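# Requesting a structural model of the entry that follows:
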Amino acid sequence: MKCIFGEAQNAHAPVRYMRYGRIGEFPETPERVTRLLDGVNRAGLEIAAPRAFPLQHLAAVHSERYLDFLEHGHAQWMRVPDAYPEMMPSVRPVESPSGYPDNILGRAGWHIMDFSSAITAETWESVRTSAFSALTAAELVLNGERSAYALCRPPGHHAYQERAGGFCYLNNAAIVAQHLRQKHERVAILDIDVHHGNGTQEIFYDRPDVLTVSIHGDPANYYPFFYGYGEQRGQGDGEGFNLNLPVPVKSKDDVWQKALGAALQRITDFAPGALVLALGLDAHEADPLAGGAVTTEGFTQMAAMIARLKLPTVITQEGGYLTPQLGGNLAAFLTGFQKG
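This next block holds a predicted model:
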């Protein structure tokens, strides 16, 4: 298995993050890459750089005005007198339909859904390269590799068609799934991050060709709070093709593995040609976001269970934050997947 990663992904480095009303240090830091690459090396993966892709691959998932905002919005923001170097909105629409504003403060509110997704001068280059890493991994699988791992940083599964949120700007898993549809009539996305992949759900919510399955901490008590409930099953042609499997916050290995068994059965019934695995390591018992209690060995076991699907698989990195165990957790998962 190869790991795809581009150095430009480290340029995005906001310093501000709001939680419980306090401005604190941004937890989705470039240091995550250092620790994840340690895990990649321990698992014996070859590391390769991503190649560039036409932006039409991003526009297949995200709106053109959102992509334009990500690329050019920060420069417009900095033309405002006394603007802080990190773009973060103070006003957001709460009703629908809403009018799309011309003013950059209004557009920032339209496109950024929370206080964990500040945009800097370097954000566009980083998130674009992260998406290119995911697409390069997808190309490897389309060309015959059984699996590939994209070290996506920033992550992506909270990003909507035209909204950033939860440290996410471009939805890498969704971009990969759409790309795999070139060859496969049906594609499944399995998300095992401790947070629900609300952006992924929104993007495919009315489609029957991409099955979205997410195991995550119960949103009644955990971010993103408003999405990820069991009754959210899809709509229109997509009804029944979105499966949410919330588990109690701080659940241990056995609870996660039981939910994973149900997820794998649904994927087997769907019979996809390929799988996108949105890999979060933040369900670990030591993760600072405190949503799960999965052990390192638990990740090994979950990886082996997923590998037994025997599907061409693109793994995109989602969460997993700064702990001494982060690299070891990734190594455990990738080793378990390859052996499985």
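# drop to CA atoms for contacts and neighbour counts, all remaining ones
OK.
# Could you count how many residues lie near the closest residue to residue 19 other than its chain neighbours?
Residue nearest to residue 19 in three dimensions, not counting chain neighbours: residue 115, with 8.0 Å by C-alpha to C-alpha, 6 or more residues apart in numbering. Residue 115 has 18 neighbours, counted by other C-alpha atoms under 10 Å.
# any idea of the mean pLDDT in the longest strand seen in the chain?
What stands out as the longest strand in the chain, according to DSSP state E, is strand 210-217. Mean pLDDT, strand 210-217: 98.
# same check, this time on stretch 148-167
pLDDT averaged over stretch 148-167 gives 98.
# Do me a favour and get the end-to-end distance for it?
23 Å (C-alpha to C-alpha, to the nearest Å).
# Check stretch 311-319 too.
23 Å.
# Check stretch 140-154 too.
21 Å.
# Then stretch 200-211?
10 Å.
# mind saving the C-alpha coords of stretch 27-46 as PDB?
This file holds the C-alpha atoms of stretch 27-46, laid out as PDB (Å, rounded to 0.1, in the frame of the first residue of the first chain):
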ATOM      1  CA  PRO A  27      -5.900  21.500  17.500                       C
ATOM      2  CA  GLU A  28      -5.700  20.500  13.800                       C
ATOM      3  CA  THR A  29      -2.000  21.400  13.500                       C
ATOM      4  CA  PRO A  30       0.800  20.500  11.100                       C
ATOM      5  CA  GLU A  31       2.300  18.400  14.000                       C
ATOM      6  CA  ARG A  32      -0.400  15.900  13.300                       C
ATOM      7  CA  VAL A  33       1.300  15.100  10.000                       C
ATOM      8  CA  THR A  34       4.700  14.400  11.700                       C
ATOM      9  CA  ARG A  35       3.000  11.900  14.000                       C
ATOM     10  CA  LEU A  36       0.900  10.300  11.300                       C
ATOM     11  CA  LEU A  37       3.900  10.000   9.000                       C
ATOM     12  CA  ASP A  38       5.700   8.100  11.800                       C
ATOM     13  CA  GLY A  39       2.800   5.700  11.800                       C
ATOM     14  CA  VAL A  40       3.000   5.400   8.000                       C
ATOM     15  CA  ASN A  41       6.700   4.500   8.300                       C
ATOM     16  CA  ARG A  42       6.100   2.000  11.100                       C
ATOM     17  CA  ALA A  43       3.500   0.300   8.900                       C
ATOM     18  CA  GLY A  44       6.000   0.100   6.000                       C
ATOM     19  CA  LEU A  45       4.100   2.100   3.400                       C
ATOM     20  CA  GLU A  46       5.900   3.800   0.600                       C
END
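# Output the contacting helices and strands for the biggest helix by length in the chain.
Once the chain is assigned using DSSP state H, the helix that runs over the most residues is helix 123-142. Counting contacts by 3 or more C-alpha pairs under 8 Å, 6 or more residues apart in numbering; DSSP states H and E, helix 123-142 packs against strand 2-4, helix 64-77, strand 147-150, helix 172-180, strand 313-317.
# Could I get the ones you listed in CSV, plus columns for mean neighbour count and distance to residue 31?
Converted to CSV, the helices and strands packed on helix 123-142 look like this (neighbours: other C-alpha atoms under 10 Å; distance: least, C-alpha to C-alpha, whole Å):
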stretch, mean neighbour count, distance to residue 31
strand 2-4, 22, 17
helix 64-77, 18, 23
strand 147-150, 26, 17
helix 172-180, 27, 20
strand 313-317, 28, 14
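# For those, give me CSV that also has distance to residue 130.
As requested, those are exported to CSV (distance: least, C-alpha to C-alpha, whole Å):
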stretch, distance to residue 130
strand 2-4, 9
helix 64-77, 14
strand 147-150, 8
helix 172-180, 7
strand 313-317, 10
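# nearest to residue 284, of the ones you listed?
Evaluated over the helices and strands packed on helix 123-142, closeness to residue 284 peaks at strand 313-317, with 14.6 Å, by C-alpha to C-alpha.
# Show me what that closest one packs onto, helices and strands only.
Using 3+ C-alpha pairs under 8 Å, 6+ apart, strand 313-317 sits against helix 123-142, strand 147-150, helix 172-180, strand 274-279.
# tell me which residues of the helix or strand following that strand are tucked away?
With elements assigned by DSSP states H and E, the helix or strand that comes after strand 313-317 is helix 326-339. With burial defined by 16 or more other C-alpha atoms under 10 Å, the residues of helix 326-339 counted as buried are 326-337.
# How about stretch 140-157?
Here stretch 140-157 shows 140-142, 145-157 as buried, counting by 16+ other C-alpha under 10 Å.
# Start and end of that stretch, how far apart?
End to end - C-alpha to C-alpha - stretch 140-157 spans 21 Å.
# how much space between the residue nearest to residue 226 when sequence neighbours are not counted and residue 196?
Spatially, and ignoring its direct neighbours in sequence, residue 226 is nearest to residue 219 (6.6 Å; C-alpha to C-alpha, 6+ apart). Plainly put, residue 219 is 8 Å away from residue 196 if you go by C-alpha to C-alpha.
# Since that was my last question, I'll sign off now.
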